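# Output the structure for:
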Amino acid sequence: MARTRVRAALRDALLGLAAWWLWMPLLAAVVWLVKHFVFGGFGQQDQSYALLLERQFFPHGGPLDAAPLFWLWLAVGFAGSFAAVWYVVEEAGTGYRDRWARLAVAVVVLAVLGSLVRAGTGLWDDDKDAGRYYARATVLDVPAGGAATPRSVLPVTEHSRAGDGTRCDLVGTSDVPACVKTAPMPDFDFEARTASYAAATKALTDSAGLTSGVRLLGHSLHYLPGAGPGGSGVWTAVLDGSGEQPMEGVAVWNGGSNSVASCTFGGDHAFDRAFGGTGAVSLRNLLAERFPDLVYSDQDVWGYCDGPDVRTARPVVVISVAEETGWKQRTVLAPAGVLVLRGSADGRPDITYRPTAAPGDLPGAVYPASVVRSQIHEVQWLGGRGAKDDRNFGYDHTSAAANAANPGEFLLRSKADGHLYYVTPLVPRESSSQLVVAFAVLQADRVGDGLNDLHVYVRADDAPSVNLDVLASRMVSYMAQQTSITISAGPNGALQEIVPFGHDMWRGFVDFNGQTQDYIDLSGDATVTPNLVSLQGQITPPGGQPQPQPQPQPQPQPTDPGTPQPTGGGTGTGSSGTGTDCGGDPARLSDRQLADCIAELTRALQGRLPS
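Residues are numbered from 1 along each chain as shown. Sure, this is the predicted structure:
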């Protein structure tokens, strides 16, 4: 009788254990079946679910170095096993005098404790492990000489030892590897842009796309240095389809006129998919099915026209992709090459995966900007958890109003070596200060051998202070002095964006009605004469060809005792000093030129009135 009772207890315990252990895997399987068959053909469903399981449970594809959630599941399972063992022992009536009962209880208890410890250490180190991964490719470049080590980097340099003297002069002593290089701040000399991100967005959104259902893929808006005629940069964006409307092509804007050109898919270079497409037209589903391990964000998508004449060139779409890589007990985002998409005669996308890309292979960035963001964010860990939590070490993107829509990762081409770089001005982390204390620079035209080095060039404390809000105020004031036009800064103002381009040099873009009409070059230390340049592009008549554009000319600038003045001559032909012949026919003047002439005549009249 006792034996029968024990057998029944064992059977009940085993059934209960099976239900206890298997309900979560069975639920996961049911969810996958529903997503796979009910939403059949939707590759994003399968990909996102597989990546979720990998990220939350098995970063390395199995129980080895599993994620904390897996160990929590084990702990709960072993806790249920303890209850089952207790139940069998009680039903058998032998108590814990039997050594097999004591051994089973001990094993289950140890398993619970071990799983909880493994889950706890994983949860505690999860965010730090991300910092450890990206720290291996991060270099803090501290200026040599000067008054002292910059305060923004002291939490790392205070606790450091000598490095190898080649890559790292100092190495941090925390459990997150930090590399410090002592070297002077390089003379940044990048090719400056001639239009703002906001103006490019407006121009390409309003003037591109000839087919219903086609819209600009917003985050695909990219600046390609040197991609235009004569080596000038151009702005491009992908003309994406929606619903059953496939992608149209790539729009191109040179930044100096209001003429937008585009190259389109068609003929033997057709393309029957779209990022915004549905069903069989969905490009996202196709990419997820063919490349389930590759991920991307929309800011990593860009396009260009392959050919000397944009109107007859073939559109090419490039995606800088990444992959979730297992690292310790979690996954991290790592660069994984590029996908190059072209059309074909039958309309099926011709997709080429390149795990590596060298400088010059493609006209834009091949390193994912989304990975750069992660690398910059994880700089905060270089001093360890104490420096991060107690001293708020690290750097953030500026929150200046003028750069609210586009605070960093400016793609610029170096005049020194011709390479493309992501350049981002940084301010202190967890601080109200908007002083630029560092620049993050990473080479963008090379990918394929792991993480590219992120150089964080820290500015000396005694260097001239640079505050983008102050720069914006100086630019607004200077514009008012030179043109009698009052502008405002910010996302809804005329001054839209301030971008670094040279040694302590910054360029601000003045947009009217969504188009960049002027730009202002200022130095952060106010030692260089400001330069105000007017871009006066010709309007292309409907159905006509773009007209030759005049070269941008600096506007003449009256003397102002409070602001350093340019030394070059003006461009005006009349006596008014506005750069416009105010004695000519008013009908031939633009609205802006007429306003300048009226303002100049008003000032002259006020000067003649008795006090």
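
# Where does pLDDT dip in the stretch 101-250 of the chain?
When residues are selected by pLDDT under 70, those of the stretch 101-250 of the chain lie in 145-147.

# just the strands in it please.
For the stretch 101-250 of the chain, the strands defined by DSSP state E, counting those that start in this stretch cover 138-142, 160-162, 170-172, 179-182, 215-216, 222-224, 234-240, 242-243, 249-253.

# Could you dump the ones you listed into JSON lines with distance to Pro425 and mean neighbour count added?
C-beta coordinates here come from the backbone N, C-alpha and C atoms, glycine included. Formatted as JSON lines, those follow (distance: least, Cβ to Cβ, whole Å; neighbours: other Cβ atoms under 10 Å):
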{"stretch": "strand 138-142", "distance to Pro425": "15", "mean neighbour count": "23"}
{"stretch": "strand 160-162", "distance to Pro425": "25", "mean neighbour count": "12"}
{"stretch": "strand 170-172", "distance to Pro425": "24", "mean neighbour count": "21"}
{"stretch": "strand 179-182", "distance to Pro425": "20", "mean neighbour count": "20"}
{"stretch": "strand 215-216", "distance to Pro425": "27", "mean neighbour count": "18"}
{"stretch": "strand 222-224", "distance to Pro425": "16", "mean neighbour count": "23"}
{"stretch": "strand 234-240", "distance to Pro425": "21", "mean neighbour count": "27"}
{"stretch": "strand 242-243", "distance to Pro425": "36", "mean neighbour count": "15"}
{"stretch": "strand 249-253", "distance to Pro425": "25", "mean neighbour count": "27"}
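
# Please name whichever of the ones you listed is nearest to Arg314.
The minimum distance between Arg314 and these falls on strand 249-253, with 9.0 Å, by Cβ to Cβ.

# With distance to Arg7 added, can I get the strands of the stretch 101-250 of the chain in JSON lines?
Rendered in JSON lines, the data for these read as follows (distance: least, Cβ to Cβ, whole Å):
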{"stretch": "strand 138-142", "distance to Arg7": "63"}
{"stretch": "strand 160-162", "distance to Arg7": "66"}
{"stretch": "strand 170-172", "distance to Arg7": "62"}
{"stretch": "strand 179-182", "distance to Arg7": "65"}
{"stretch": "strand 215-216", "distance to Arg7": "69"}
{"stretch": "strand 222-224", "distance to Arg7": "71"}
{"stretch": "strand 234-240", "distance to Arg7": "66"}
{"stretch": "strand 242-243", "distance to Arg7": "63"}
{"stretch": "strand 249-253", "distance to Arg7": "73"}
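
# Report the separation between Lys114 and Trp86.
I think there's a mix-up here, since residue 114 is Gly and not Lys. As for Gly114, its distance to Trp86 is 19 Å (criterion: Cβ to Cβ, to the nearest Å).

# Could you list the low-confidence segments of the stretch 501-611 of the chain?
For the stretch 501-611 of the chain, counting by pLDDT under 70, the residues that fall below are 536-581, 583-585, 587-592, 594-596, 598-611.

# closest to Trp124 out of the strands of the stretch 101-250 of the chain?
Smallest distance to Trp124 across the strands of the stretch 101-250 of the chain (Cβ to Cβ): 19.9 Å, for strand 170-172.

# hmm, who's touching that closest one?
Surrounding strand 170-172, the residues in contact under the criterion Cβ atoms under 8 Å, 6 or more residues apart in numbering are 156-157, 159-163, 177-180, 182, 382-384.

# Just give the nearest non-adjacent residue to Asp453, would you?
Of all residues beyond its chain neighbours, the one nearest Asp453 is Ala137 (5.3 Å), with distances taken as Cβ to Cβ, 6 or more residues apart in numbering.

# typo on my end, it should be Ser465
Closest residue to Ser465 in three dimensions, ignoring its sequence neighbours and counting by Cβ to Cβ, 6+ apart: Leu435, at 5.6 Å.

# Can you give me the distance of that neighbour to Val214?
Taken as Cβ to Cβ, the spacing of Leu435 relative to Val214 amounts to 44 Å.

# Which parts of the stretch 401-550 of the chain are strands?
Chain-ordered strands for the stretch 401-550 of the chain, with DSSP E, counting those that start in this stretch as the definition, fall at 410-413, 420-428, 438-443, 454-458, 495-502, 505-512, 515-523, 531-534.

# out of those strands, nearest to Arg474?
Taking Cβ to Cβ, strand 515-523 is the member of the strands of the stretch 401-550 of the chain nearest to Arg474, at 6.0 Å.

# So which elements touch the closest one?
In terms of contacts (3 or more Cβ pairs under 8 Å, 6 or more residues apart in numbering; DSSP states H and E), strand 515-523 is packed against helix 197-207, helix 468-483, strand 505-512, strand 531-534.

# If we use 6 Å, what do you get?
Contact here means 3 or more Cβ pairs under 6 Å, 6 or more residues apart in numbering; DSSP states H and E; on that basis strand 515-523 packs against strand 505-512, strand 531-534.

# most neighbours per residue, which of those strands?
The highest mean neighbour count among the helices and strands packed on strand 515-523 belongs to strand 505-512 (a mean of 23), with neighbours defined as mean count of other Cβ atoms under 10 Å.

# Can you give the strand pairings for that strand, parallel or anti for each?
The strands that strand 505-512 pairs with in its sheet are strand 495-502 (antiparallel), strand 515-523 (antiparallel) (by DSSP bridges).

# can you tell me which of the ones you listed comes nearest to Ala19?
Across those, closest to Ala19 is strand 495-502 (Cβ to Cβ), at 60.0 Å.

# How far does that closest one sit from its chain's centre?
17 Å (Cα atoms, centre = their mean, to the nearest Å).

# can you offset everything so residue one is 37?
Sure, I'll start numbering at 37, so the last one becomes strand 531-538.

# What angle do helix 504-519 and it make with each other?
Inter-element angle recorded for strand 531-538 and helix 504-519: 100 degrees (by axes from the mean of the first three to the mean of the last three Cα atoms, to 10 degrees).

# mean confidence score for stretch 426-442?
If you average the pLDDT over stretch 426-442, you get 90.

# now do stretch 80-90
Along stretch 80-90, the predicted local confidence has a mean pLDDT of 89.

# Just the CA atoms of it, as PDB, please.
In PDB, the C-alpha atoms belonging to stretch 80-90 read as follows (Å, rounded to 0.1, in the frame of the first residue of the first chain):
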ATOM      1  CA  GLN A  80      10.200  41.000 -39.800                       C
ATOM      2  CA  GLN A  81       8.000  39.000 -37.400                       C
ATOM      3  CA  ASP A  82      10.300  36.000 -37.400                       C
ATOM      4  CA  GLN A  83      13.500  38.000 -37.300                       C
ATOM      5  CA  SER A  84      12.400  40.300 -34.400                       C
ATOM      6  CA  TYR A  85      11.200  37.300 -32.400                       C
ATOM      7  CA  ALA A  86      14.400  35.300 -32.900                       C
ATOM      8  CA  LEU A  87      16.500  38.300 -32.000                       C
ATOM      9  CA  LEU A  88      14.300  38.900 -28.900                       C
ATOM     10  CA  LEU A  89      14.900  35.300 -27.700                       C
ATOM     11  CA  GLU A  90      18.600  35.600 -28.400                       C
END
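
# Burial check on Ala103, number of neighbours?
The burial metric for Ala103, expressed as a neighbour count using other Cβ atoms under 10 Å, is 25.

# next one: Ser295
19.

# before we move on, what about the one 4 residues further on?
The number of residues packed near Cys299 is 26, by other Cβ under 10 Å.
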